[in-house]
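Engineer: what follows is a predicted structure for the sequence shown.
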Amino acid sequence: MKTRSFLIFITLLGVAWPTSRLSGQVTVSCDLQENFIILGCFGGLDCIPALTNPAILKASEASYLLDSDLVLGVYQNGVARAYPHPILWWHEIVNDTLGGEMFTVSFCPLTSTGLLFDATFNNEEHTFGVTGLLYNNNLIMYDRLSGNTFFPQMCYLGNVRNQNDDEFDFVLTGDQLELLPIIETTWGVWKALYPNTTVLSDNTGFSRDYSRYPYGTYRSNNGLLLFPITKEDLRLNRKDIIFGLTLNNIERAYPFKLMGERAVLNDDVGGAKIVVLYSKEAKLAVAFYREVDGQILNFELQDVFGFCSHHFQG
């Protein structure tokens, strides 16, 4: 059984896509404006090489990682694995199997969005690659099984390109990927949470400098966008990190810079009772449903041992 007890969360650079999705099947909108689909990587499909069934290491063997490095953490069927940003900067997609299930980890360095997808749909196992195309500076993946079905990472609905048109003219196929839970935090925190975790090896078979971020000052330079975006929102800086939720057709953003050192936020998003937990030190934000067995819990931040307490509402 897949574990789906918490909400998917992502962190985001920029304001083009300030949302994340619930784990499981969620109806999403994917009305692409073709003039904002940009070729960001020359060389065609796989110009950035995705990894498939990569080599892995025990946590103690990953000498190339610092405890402060960010990772995407996956826990499936009692097995944990970390997918470090320094690897994902250069490969963006990892097709992998963990706990007997096949899935795809995707990460876009330009939007800093990490999402996990179930790679089995329509009763077939799929792997994904990088198209080289971007929408709102965000990764567009392609399904290697069909070869011609493209999935924008952050709306993950299948599109087929019109082969009779030289422009980027896409038609929806009706295929929608299913999200699975994933956590972003530091390597040090992930190891503390899951001491038996495995992690991607830096021996990927490709010659890359995994100690170097390949986009210069892009993460910190608010004036720098590599490609146009469909909408500008000046309430936050372009490169502010947020925790974003989409629930019941309502989007809500929780900026990291406004949550202090730690935060516990009880909230209602479209009728869904949730709690958002945040730690600046751990670079971690995650949300849980706070309605349990018909009772709504309210959580409070406690100084003792850094844990949270709760009490029943009403």
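Structural biologist: Done, it's in. Numbering: from 1, shown residues only.
Engineer: which stretches of the stretch 201-314 of the chain have low pLDDT?
Structural biologist: Segments of the stretch 201-314 of the chain classed as low confidence (criterion: pLDDT under 70) are 303-314.
Engineer: 50 - rerun?
Structural biologist: Regions of the stretch 201-314 of the chain meeting the criterion pLDDT under 50 cover residues 304-307, 314.
Engineer: tell me the helices in the stretch 101-250 of the chain, going along the chain?
Structural biologist: Along the stretch 101-250 of the chain, counting by DSSP state H, counting those that start in this stretch, helices occupy 187-193.
Engineer: in it, which spans are strands?
Structural biologist: All strands of the stretch 101-250 of the chain, identified by DSSP state E, counting those that start in this stretch, fall at 101-108, 113-118, 120-121, 124-125, 128-135, 138-143, 149-152, 157-161, 170-176, 179-180, 183-186, 198-200, 242-247, 250-255.
Engineer: let me see the contact set for Tyr215.
Structural biologist: Tyr215 sits next to Trp89, Pro109, Leu110 when contact means C-beta atoms under 8 Å, 6 or more residues apart in numbering. (C-beta placed from N, C-alpha, C; glycine too.)
Engineer: so the first one makes contact with Tyr213?
Structural biologist: Yes - with the criterion set as C-beta atoms under 8 Å, Trp89 and Tyr213 qualify as a contacting pair; they are 6.1 Å apart.
Engineer: the more surrounded of the two?
Structural biologist: Between Trp89 and Tyr213, counted using other C-beta atoms under 10 Å, Trp89 has the larger neighbour count: 18 against 15.
Engineer: so how far is Ser146 from Asp46?
Structural biologist: Going from Asp46 to Ser146 by C-beta to C-beta, to the nearest Å gives 15 Å.
Engineer: likewise for Gly99?
Structural biologist: Counting by C-beta to C-beta, the gap from Gly99 to Ser146 is 26 Å.
Engineer: kindly report the same for Lys257.
Structural biologist: Distance, Lys257 to Ser146, using C-beta to C-beta: 42 Å.
Engineer: these two: which is more packed in?
Structural biologist: It is Ser146, of Lys257 and Ser146, that has more neighbours when counted by other C-beta under 10 Å, with 14 against 11.
Engineer: what residues are up against that one?
Structural biologist: By C-beta under 8 Å, 6+ apart, Ser146 lies in contact with nothing.
Engineer: now swap in Pro86 and tell me
Structural biologist: Counting by C-beta under 8 Å, 6+ apart, the residues that Pro86 touches are Tyr64, Leu65, Asp69, Asp202, Tyr210, Ser211, Tyr213.
Engineer: from those, keep the buried residues only.
Structural biologist: Burial by neighbour count, 16 or more other C-beta atoms under 10 Å: within the contacts of Pro86 this picks out Tyr64, Leu65, Asp69, Asp202, Tyr210.
Engineer: excluding covalently adjacent residues, which one is nearest to the last one?
Structural biologist: Spatially, and ignoring its direct neighbours in sequence, Tyr210 is nearest to Pro86 (4.5 Å; C-beta to C-beta, 6 or more residues apart in numbering).
Engineer: next secondary structure after the helix or strand hosting that neighbour?
Structural biologist: Assigned by DSSP states H and E, Pro86 belongs to helix 85-91. Next along the chain after helix 85-91, taking DSSP H and E as the criterion, comes strand 93-98.
Engineer: strand partners (parallel or antiparallel) of that following strand?
Structural biologist: Using DSSP bridges, the strands paired with strand 93-98 are strand 51-52 (parallel), strand 101-108 (antiparallel).
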